[in-house]
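Engineer: Just a sequence and a predicted model for now, questions to come.
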Amino acid sequence: MSQATQPLSLSKMPAHVAIIMDGNGRWALKRGLPRLAGHKAGTENLRRIIKACVEFGVKYLTIYAFSTENWGRPKEEVLGLMRILEDVIDRELEELNQQGVQLRHIGQLERLPGFLQEKVISAIEKTKHNQQLIINIAFNYGGRDEIIHAIQHIIRAGIPAENVTSDLVSQYLYTAGNPDPDLIIRTSGELRISNFLIWQAAYSEWYVTPTYWPDFDKDEFKKALESYANRDRRYGKVNSTEYEAKDD
Ligand code: FPP
């Protein structure tokens, strides 16, 4: 059952928010804690932001939890992040399901340990009819890997070159069927895309804050949504008022 939502009264709301949850390591370092403590604090914060998404009426949330490059981190951190995914499913699935959250996965599931693949698949299956909020967990995800994967499938499907359009490529991405992200948030102040949704982000609005992910609370999230509401999205065109003014 989904809970009542209180959409924010903003002139414009993003349907799809994507987040690079950066700064967990530095958050921990600042407190003299191991990096994994930062990832755990980041996971707690994720619970708060998911609740806020449900409350505000965001429809899609994509979170960057583990990139194809993160395998290069120390073994302990890699295993710790796998364990966090396992814990999130074990401990949070029931509540997420009650909030009307549908879980999806984007990236290559095959490289994860077998038991974790099964857990992810069963969480996807259990929540597949929920419609309040769709969460894409990017885990072992890379934007370039996603595009290579799409090209391979297009070729294998025998699609003639002249039929390859932007819409067709989108249909072969892990995010097929989702609208492109309207707003991408990156915490911790880094000004990089880091191989995240590189196709889908073509016309996304960006919001970068110096706040580390574990401290990016509901109020900060509201600020990001307010910033988005004040943007003028032109998709490479000019807005209609400017155009009319020029024509007069
Ligand atoms: C980047 O911060 C963060 C990550 C690589 C992991 C993000 C994961 C979580 C917030 C946990 C939630 C996970 C799941 C599976 C739902 P960083 O470690 O690169 O920070 P730093 O740049 O300060 O070192």
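Structural biologist: The structure has been received and is ready for your questions.

Engineer: From now on I want contacts and neighbour counts done on CA atoms only, so please keep to that.
Structural biologist: OK.

Engineer: Show me which residues of the protein are close to the ligand?
Structural biologist: 21-26, 39, 42-43, 65-66, 84-85 (CA under 6 Å from any ligand atom).

Engineer: Mark which of those are part of helices, please.
Structural biologist: Counted as lying in helices by DSSP state H, out of the residues of the chain next to the ligand, are 24-26, 39, 42-43, 84-85.

Engineer: any chance of the residues of the chain next to the ligand in a markdown table, with distance to residue 237 and neighbour count too?
Structural biologist: Formatted as a markdown table, the residues of the chain next to the ligand follow (distance: CA to CA, whole Å; neighbours: other CA atoms under 10 Å):
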| residue | distance to residue 237 | neighbour count |
| --- | --- | --- |
| 21 | 31 | 22 |
| 22 | 32 | 23 |
| 23 | 35 | 24 |
| 24 | 38 | 23 |
| 25 | 40 | 19 |
| 26 | 40 | 17 |
| 39 | 40 | 25 |
| 42 | 38 | 23 |
| 43 | 39 | 21 |
| 65 | 34 | 22 |
| 66 | 35 | 19 |
| 84 | 43 | 17 |
| 85 | 41 | 19 |
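
Engineer: Of all pairs in the residues you listed, which one is the farthest apart?
Structural biologist: Greatest spatial distance in those: 26 and 85, 20.6 Å, computed using CA to CA.

Engineer: Just the CA atoms of stretch 182-194, as PDB, please.
Structural biologist: What follows is stretch 182-194 as a C-alpha-only set of coordinates in PDB (Å, rounded to 0.1, in the frame of the first residue of the first chain):
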ATOM      1  CA  ASP A 182      15.500  15.600 -15.400                       C
ATOM      2  CA  LEU A 183      17.800  16.400 -12.600                       C
ATOM      3  CA  ILE A 184      21.200  14.900 -11.600                       C
ATOM      4  CA  ILE A 185      22.500  15.700  -8.200                       C
ATOM      5  CA  ARG A 186      26.200  15.200  -7.300                       C
ATOM      6  CA  THR A 187      27.200  15.700  -3.700                       C
ATOM      7  CA  SER A 188      30.700  16.500  -2.400                       C
ATOM      8  CA  GLY A 189      31.500  19.200  -4.900                       C
ATOM      9  CA  GLU A 190      33.200  17.100  -7.700                       C
ATOM     10  CA  LEU A 191      32.500  18.500 -11.200                       C
ATOM     11  CA  ARG A 192      32.600  15.200 -13.100                       C
ATOM     12  CA  ILE A 193      30.100  12.800 -14.800                       C
ATOM     13  CA  SER A 194      32.100   9.700 -13.700                       C
END
